[in-house]
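In: my questions are about this predicted structure, shown below with the sequence.
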Amino acid sequence: MSVLDNAPQFLNYLDGQWLAGDSGETFENRNPADQADLLGHFQASTADDARRAVAAADRAFSGWRATPISQRAAILNRAADYLEAHIDRFAEELTREEGKLLSNSRGEIVRSAQTLRFYAVEGQTITGETFPQDDAGMVVYSQREPLGVATVITPWNFPISIPARKIAPALITGNTVVFKPSSDAPLIGYRLAEALHHAGVPAGVFNFVTGAASAIGEAITANPAVKAISFTGSTAAGERIHRAAAMATRTQMELGGKNPLIVLDDADIDTAVDLTIKGGFSLTGQACTGTSRVLITRRLKEAYLERLVAQVKTLAIGNGMREDTQIGPLATRQQLDSVLGYIELGKREATHVYGGEHLTGGEYDKGFYVTPAIFSDVTQEMRIAQEEIFGPVVAVIEVDGYEDAIAKANDTPYGLSAGLVTNDNRYIQRFPLDIEAGTVKVNRTTTGNLVNAPFGGLKQSSTSTFRESGRAGLDFFTQTKTVYIGR
């Protein structure tokens, strides 16, 4: 649609310039807690806009890869300074566009700045190897170098921290970037682009383009100039991108999850309840690592459910800008409709224990609110036990013990994150070996990962090629040459 009001219009960032899209069309960015709150209009870019972004990145590559790494690091540090200097305003904007609690928004921006600083340092330590051999007149070594143009496509649930953990290692290793944020939360991505611009990133090295995947996706993924694609989103979308990419284009796909929390007989019930709420209902269940299944022993199940329902009933649901809010809205109407659909399915499949109501009346009429839903007597063949819901819905599955719990936990297409609640050292030692998940937690929530530790999934949760985050996050954006020099 065309801009017909006084809300701000946000531009693309192409080849060092802030530019409107070719079509002249824009799309709205509205607050999921209050749909009357219009944050602004973003460019409904065309394939030609996207191709220009790729071309700009391609032209800038040779100069950027030759830029001293200390200068690249300085740009990342200055961008981190910019985020930290504007944290109050940016956190409010993030809460208004995505719905998460203001405290979570502040934490995400702090984490993003930390990520930029981490790679500014860690990226300066990547080296090759020298290899011993029998020829005294020859030196053999490997060197790591950038790939070229990297496309970064990210989701709406962590719309600055996920881009930061992809863009920072790409830039520090000498790649150029085309960044497409989710159209459901583009503003904080724009602020990251703004931070890099103010930090002095050279023209074409970093490009920011908004718009529908159907309009610009192929231009930034199937383009032969693109040498790497880093994507976080649904498994279905990731499969499409992976298949469409050229054979010489490297792909990194972080996809869906159906994450289990196993609770054994010796577990503290209050700990299990706390971890369920933090993992399953914080962030309104909109985390790829969120707890969506609780596999609990028969002996603990009833007491656990009683305490879980009692705790969930006390959770304050509302606008994330309020200090007393504990659960915010779902991010979009589409998310609301999808979650409510799964809740109705769960009522037909399993025992509905609590919640799952579409909240209306007063402030709830302005946004997309639902009470956390709990289902019991869930079995493996049920869709709510197998499919990613991406909302505050937890399926409770009864197990006979550790072996049964592992078998059921592994019985899904996904393998992103998994948790275990126990004090039994036998199972603490076995769990990381037995569970099919890329992130393994013991007596901790399934959500969350360190800036300096690798992150990624197994099975259909990832391409399982290269990990994100930590030092491992540098590997995806570099390739190795082996050099033989004789005299």
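Out: Received the coordinates, thanks. Remember, predicted model here, so these are calculated numbers, not experimental data.

In: report the buried residues of stretch 63-79.
Out: Within stretch 63-79, the residues scored as buried using 16 or more other CB atoms under 10 Å are Trp64, Arg65, Arg72, Ala73, Ile75, Leu76, Asn77, Arg78, Ala79. All C-beta atoms are positioned from the backbone trio N, CA, C, and that covers glycine.

In: and the contacts of that stretch?
Out: 116-117, 119-121, 123-124, 145-146, 168, 171-172, 174-176, 192, 195-196, 198-202, 205 (CB atoms under 8 Å, 6 or more residues apart in numbering).

In: which of those fall in helices?
Out: Leu116, Arg117, Tyr119, Ala120, Val121, Ala168, Leu171, Ile172, Leu192, Ala195, Leu196, His198 (DSSP state H).

In: do you have the helices of the protein handy? List them.
Out: Under DSSP H, the chain gives helices at 47-65, 69-85, 87-98, 102-122, 161-172, 187-198, 213-221, 235-244, 269-280, 298-313, 333-349, 383-386, 402-410, 425-434.

In: most neighbours per residue, which of those?
Out: helix 161-172 (a mean of 28; mean count of other CB atoms under 10 Å).

In: could you check the angle that helix makes with helix 69-85?
Out: Here helix 161-172 points in a direction 160 degrees away from that of helix 69-85 (axes from the mean of the first three to the mean of the last three CA atoms, to 10 degrees).

In: so what does helix 161-172 touch, helix or strand wise?
Out: Helices and strands touching helix 161-172, by 3 or more CB pairs under 8 Å, 6 or more residues apart in numbering; DSSP states H and E, are helix 69-85, helix 102-122, strand 149-153, strand 176-180, helix 187-198, strand 226-232.

In: quick one: average pLDDT of it?
Out: Mean pLDDT, computed over helix 161-172, is 98.

In: excluding chain neighbours, what is closest to Asp49?
Out: Gly21 (5.0 Å; CB to CB, 6 or more residues apart in numbering).

In: residue contacts, the one you found?
Out: Asn12, Gln43, Ala44, Ser45, Thr46, Asp49, Gly211.

In: go through these and name the one nearest Leu255.
Out: Gly211 (21.9 Å; CB to CB).

In: now do that closest one, the pLDDT please.
Out: Here, the pLDDT recorded for Gly211 equals 98.

In: what's the answer for the one 5 residues further on, then?
Out: The predicted local confidence for Ile216 comes out at a pLDDT of 97.

In: with His242 instead?
Out: So His242 comes in at 89 (pLDDT).

In: what of Leu4?
Out: 56.

In: ok, now Thr463?
Out: Here the pLDDT value assigned to Thr463 is 89.

In: can you get me a residue count around the nearest residue in space to it that is not next to it in sequence?
Out: Closest residue to Thr463 apart from its sequence neighbours, by CB to CB, 6+ apart: Met253 at 4.3 Å. Met253: 26 surrounding residues under other CB atoms under 10 Å.

In: right, and Met253 touches Ser461 too?
Out: No. Met253 is beyond contact range of Ser461, at 9.0 Å (criterion: CB atoms under 8 Å).

In: show me what contacts the residue nearest to Thr463?
Out: Met253 neighbours (CB under 8 Å, 6+ apart): Phe231, Thr232, Gly238, Ile241, His242, Ser462, Thr463.

In: Pro163: which of those residues is nearest?
Out: Of all those, Thr232 has the smallest distance to Pro163: 9.0 Å, by CB to CB.

In: any idea how far Ile153 is from the closest one?
Out: Distance, Thr232 to Ile153, using CB to CB, to the nearest Å: 7 Å.

In: pretty sure Thr289 sits against Tyr414.
Out: No. Thr289 is beyond contact range of Tyr414, at 10.7 Å (criterion: CB under 8 Å).

In: overlap in contacts, the two.
Out: Contact with both Thr289 and Tyr414 is made by residues Gly257, Asn259, according to CB under 8 Å, 6+ apart.

In: just to revisit the earlier point, now for the helices and strands packed on helix 161-172, which one comes closest to Glu323?
Out: Here helix 102-122 is closest among those (CB to CB), at 7.8 Å.

In: now that closest one: average pLDDT?
Out: Averaging pLDDT along helix 102-122 gives 98.

In: which residues are contacting that helix?
Out: So helix 102-122 is in contact with 72-74, 76-77, 79-81, 83-84, 87, 90-92, 94-95, 98, 100, 158, 160-161, 163-165, 168-169, 171-172, 188, 192, 282-283, 320-321, 323, 451-452, 471, 473-474, going by CB under 8 Å, 6+ apart.

In: how about 7 Å then?
Out: When contacts are defined by CB atoms under 7 Å, 6 or more residues apart in numbering, helix 102-122 is touched by residues 73, 76-77, 79-80, 83-84, 87, 90-92, 94-95, 158, 160-161, 164-165, 168-169, 172, 283, 320-321, 451-452, 471, 474.

In: run the chain-centre distance for it.
Out: 14 Å (CA atoms, centre = their mean, to the nearest Å).

In: now do that helix against helix 161-172, angle only.
Out: 20 degrees.

In: between helix 187-198 and helix 102-122, find me the angle.
Out: 40 degrees.

In: run a quick neighbour tally on Val394.
Out: If you count neighbours by other CB under 10 Å, Val394 ends up with 29.

In: same question for Gln143.
Out: 14.

In: for Gly148, see how far away Asn77 is.
Out: Distance from Asn77 to Gly148, by CB to CB: 24 Å.

In: on that earlier part again, in a markdown table, list the contacts of Gly21 along with distance to Phe368.
Out: Conversion of the contacts of Gly21 to a markdown table gives the following (distance: CB to CB, whole Å):
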| residue | distance to Phe368 |
| --- | --- |
| Asn12 | 28 |
| Gln43 | 25 |
| Ala44 | 23 |
| Ser45 | 26 |
| Thr46 | 30 |
| Asp49 | 30 |
| Gly211 | 23 |
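
In: returning to what we had before: ranking the helices of the chain by mean pLDDT, which is last?
Out: helix 235-244 (a mean of 91).

In: contact partners of that helix?
Out: So helix 235-244 is contacted by Glu218, Thr221, Ala222, Ile229, Phe231, Thr251, Met253, Leu255, Gly256, Gln460, Thr463 (CB under 7 Å, 6+ apart).

In: for the residues you listed, point out the one with the lowest pLDDT.
Out: Lowest pLDDT among the contacts of helix 235-244: Thr463, with 89.

In: which residues touch that residue?
Out: Contact analysis of Thr463 by CB under 7 Å, 6+ apart lists His242, Thr251, Gln252, Met253.

In: just flag the most distant two among the residues you listed.
Out: Put simply, by CB to CB the two of these set farthest apart are His242 and Gln252, 9.7 Å from each other.

In: the closest residue to Gly318 other than its chain neighbours and Phe281: what is the separation?
Out: In space, Gly318 comes closest to Thr325 once its chain neighbours are excluded; the distance is 4.4 Å by CB to CB, 6+ apart. As judged by CB to CB, Thr325 and Phe281 stand 13 Å apart.

In: the two - which one has more neighbours?
Out: The neighbour comparison of Thr325 against Phe281 (other CB under 10 Å) goes to Phe281, with 27 against 20.
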